[in-house]
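Trainee: Sharing a sequence plus its predicted fold:
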Amino acid sequence: MANWEPIAPNMWRFPEKCEQIDIHEWTQVGNWILYSCAHYISYDVLGACDLRKASHVLQLVTDNDMSFLVAAFHDNTLWTVAVNPRLSGTHEYA
């Protein structure tokens, strides 16, 4: 996590020129959330969402004007991915 900026307990902002391998090494164990947004989203807001349910994640993404959100669970084998339809022009989610 070299040069990752702590922004809250258990939350970091990584630099724009972060190497892909740096992100991979840190996230390969699971239990992480990656999102893109113009403003900070508190852990309380993220933690209140049932990240296993696509409709809840989509609501979280659109309500908070996120571009996208990816959540990985404890063993890193199941991910939830949402892309904001207002920003992407798409309506498909996996």
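Mentor: The structure has been received and is ready for your questions. Since we're looking at a predicted model, the values are computed, not measured.
Trainee: any idea how far the spatially most central residue of the chain is from residue 70?
Mentor: Closest to where the C-alpha atoms of the chain average out (CA atoms, centre = their mean) is residue 34, at 2.4 Å. As judged by CB to CB, to the nearest Å, residue 34 and residue 70 stand 5 Å apart. The way it works is simple: take the backbone N, C-alpha and C, and place the C-beta from them, glycine included.
Trainee: hmm, back to that, pull the contacting residues for the residue nearest to the centre of the chain.
Mentor: Counting by CB atoms under 8 Å, 6 or more residues apart in numbering, residue 34 makes contact with 27, 69-71.
Trainee: so it sits in a helix?
Mentor: No - when DSSP: H, G, I helix; E, B strand; the rest coil is applied, residue 34 is found to be strand, with no helix at that position.
Trainee: Residue 62 touches residue 87, doesn't it?
Mentor: No - judged on CB atoms under 8 Å, residue 62 makes no contact with residue 87 at a distance of 9.2 Å.
Trainee: got any ranges where the chain has weak pLDDT?
Mentor: 1-2, 88-94 (pLDDT under 70).
Trainee: re earlier: which of the contacts of residue 34 tops the neighbour count?
Mentor: Neighbour counts for these peak at residue 69, which has 24 neighbours (criterion: other CB atoms under 10 Å).
Trainee: Distance check, residue 68 against residue 83.
Mentor: Between residue 68 and residue 83 the distance is 5 Å, computed by CB to CB.
Trainee: next one: residue 66
Mentor: Counting by CB to CB - residue 66 and residue 83 are separated by 9 Å.
Trainee: With residue 29 instead?
Mentor: Residue 29 sits at a distance of 25 Å from residue 83 (criterion: CB to CB).
Trainee: These two - which one has more neighbours?
Mentor: Applying other CB under 10 Å to residue 29 and residue 83 shows that residue 83 carries more neighbours, namely 21 against 11.
Trainee: Does that one touch residue 70 like I think?
Mentor: No - if you go by CB under 8 Å, residue 83 and residue 70 don't touch, sitting 9.7 Å apart.
Trainee: send the alpha carbons of stretch 22-31 over as PDB?
Mentor: Only the C-alpha atoms of stretch 22-31 are listed here, as PDB (Å, rounded to 0.1, in the frame of the first residue of the first chain):
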ATOM      1  CA  ASP A  22       0.000  -3.100  -6.100                       C
ATOM      2  CA  ILE A  23      -3.800  -3.200  -6.200                       C
ATOM      3  CA  HIS A  24      -3.800  -7.000  -6.900                       C
ATOM      4  CA  GLU A  25      -1.400  -7.800  -4.100                       C
ATOM      5  CA  TRP A  26      -3.500  -5.900  -1.600                       C
ATOM      6  CA  THR A  27      -6.900  -7.100  -2.800                       C
ATOM      7  CA  GLN A  28      -6.300 -10.800  -3.400                       C
ATOM      8  CA  VAL A  29      -7.400 -11.900   0.000                       C
ATOM      9  CA  GLY A  30     -10.900 -10.500  -0.300                       C
ATOM     10  CA  ASN A  31     -13.100  -8.400   2.000                       C
END
